[in-house]
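# Here's a sequence, model it:
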Amino acid sequence: MKGAKPKQNAIRRGMKDAYGLARNDATGVVMPPDIEKDPVQSEIWAWLAPPVNNFTPQDIPTLRLLTYWHAVAAQAQQAIHSENGQLNIFDKIGVKPYKTEDGREVPLVRKNPALTILKEASAEIRALSDQLGLSPLARSRIGLM
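Take a look at the predicted model:
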């Protein structure tokens, strides 16, 4: 490779006019009306795709799914928390047929089903974020850093 190494913050030819006065009308995608009606999903969409963004209309289905899975994860987290602020990772489903040495009953528990939902939602969020280039690793893979 000949020549000097390109500077990271250099203005590339063709990107702007000589005085930097060219208007940039690229606003990206807007929030769909059905997502706008849901307060949770509309807040998440606003975080993911602010009014000025670089998404294209082809990204809208993926953004919809990403917004949905973020809402699912938020609801699963709320289901795991109790009123006193502790995490409920176990659900009591009964008592075991025996007692402890001091006479107390031993609870029979299972894993909270919301944990499984949260795990699935976080996996979907991770995959969709990588598709859209929203994570630092995905941005480095496609050369946006």
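# quick one: contacts of the lowest-mean-pLDDT helix or strand in the chain?
Least confident helix or strand of the chain, by mean pLDDT, DSSP states H and E, is helix 136-141 with a mean of 74. Here helix 136-141 makes contact (CB atoms under 8 Å, 6 or more residues apart in numbering) with 129-133, 145. Bear in mind the C-beta positions are built from the backbone N, C-alpha and C, glycine included.
# So which residues of this structure form strands?
For the chain, the strands defined by DSSP state E cover 90-99, 105-111.
# export the longest one as CSV, just CAs?
C-alpha atoms of strand 90-99 as CSV (Å, rounded to 0.1, in the frame of the first residue of the first chain):
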residue,chain,number,x,y,z
PHE,A,90,-37.6,-19.3,42.8
ASP,A,91,-41.3,-19.9,42.9
LYS,A,92,-42.6,-21.9,45.9
ILE,A,93,-44.9,-24.7,44.5
GLY,A,94,-45.4,-26.6,47.8
VAL,A,95,-43.6,-28.2,50.7
LYS,A,96,-41.4,-31.3,50.8
PRO,A,97,-42.9,-34.4,52.6
TYR,A,98,-40.3,-34.2,55.4
LYS,A,99,-39.3,-31.5,57.9
